[in-house]
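[1] okay, sequence plus prediction incoming.
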Amino acid sequence: AQSVTQLGSHVSVSEGALVLLRCNYSSSVPPYLFWYVQYPNQGLQLLLKYTTGATLVKGINGFEAEFKKSETSFHLTKPSAHMSDAAEYFCAVTHGAGSYQLTFGKGTKLSVIP
Amino acid sequence: DAGITQSPRHKVTETGTPVTLRCHQTENHRYMYWYRQDPGHGLRLIHYSYGVKDTDKGEVSDGYSVSRSKTEDFLLTLESATSSQTSVYFCAISGIEGGSYEQYFGPGTRLTVT
């Protein structure tokens, strides 16, 4: 079964600093990987996804993530944090080829310090 | 935004009473899911549906049942609510279009069982 580990339940960065949210997965088959963002009292919104092809994927709001198969990682980055990035971020993994369930990490809450 | 609504958005109920949550979509997506979100646990799959009248259990299905009589509606029922079912419930949909398996989430229902 697949699993997702997000390192750090809380991450704080200064406004303008690099954002790095870590995600490692385990999967016995090539994974499809996702990052979602959740603002307070809202549902989850898809930030970006990796399925096949280019391993560096770009998403909304200036975020990007790189799929590294050798490290089983899919870390989320943004060069310069903005106050509006404060939210909770979830990494998720599923399989292709008939598997339609997502397994989520426990989430990382990002705080941005002015 | 994907056309997903959930009702009610907030509910307070007493232990032992039945509760039904509704998810309605306008996207004609085949797959629908119910998750619960609790602090420290991320999102956990309760039940999912892969078509009208086709449903299956997820990770935390005990105490919950579902029904899907139409493509657009997916109902989650707590037969006899318990305090441990106090949570935020999210519905999600997926069309598996293009083979990417991403899911789109509704706004959530906050359920409190007293």
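    Thanks, I have the structure now.

[2] secondary structure element for the spatially most central residue of chain B?
    In chain B, the C-alpha nearest the mean C-alpha coordinate belongs to B:W34, at 2.6 Å (CA atoms, centre = their mean). Using DSSP states H and E, B:W34 falls within strand B:31-38.

[3] for that strand, C-alpha coordinates in PDB please.
    Coordinates of the C-alpha atoms in strand B:31-38 are reproduced here as PDB (Å, rounded to 0.1, in the frame of the first residue of the first chain):
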ATOM      1  CA  TYR B  31     -16.200   8.900  -8.900                       C
ATOM      2  CA  MET B  32     -17.300  10.400  -5.600                       C
ATOM      3  CA  TYR B  33     -15.700  10.200  -2.200                       C
ATOM      4  CA  TRP B  34     -16.400  11.000   1.500                       C
ATOM      5  CA  TYR B  35     -13.500  12.000   3.800                       C
ATOM      6  CA  ARG B  36     -13.200  13.100   7.300                       C
ATOM      7  CA  GLN B  37     -10.600  15.500   8.500                       C
ATOM      8  CA  ASP B  38      -9.400  15.600  12.100                       C
END
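
[4] give me the residues contacting that strand.
    By CB atoms under 8 Å, 6 or more residues apart in numbering or on different chains, the surrounding residues in contact with strand B:31-38 are A:100-101, B:21, B:23, B:25, B:43-50, B:58, B:60, B:64, B:66, B:68, B:74, B:76, B:85, B:87-96, B:103, B:108. Every C-beta, even on glycine, is put in place using the N, C-alpha and C of the backbone.

[5] excluding its backbone neighbours, what's nearest the residue sitting nearest the centre point of chain A?
    When chain A is reduced to its mean C-alpha position, the closest residue under CA atoms, centre = their mean turns out to be A:W35, at 3.5 Å. Spatial nearest neighbour of A:W35, excluding adjacent residues (CB to CB, 6 or more residues apart in numbering or on different chains): A:L47 at 4.3 Å.

[6] same check on A:T52?
    Counting by CB to CB, 6+ apart, the nearest residue to A:T52 once its immediate chain neighbours are dropped is A:P30, at 7.7 Å.

[7] what distance do you get for that neighbour to chain B?
    Counting by CB to the nearest CB, to the nearest Å, the gap from A:P30 to chain B is 12 Å.
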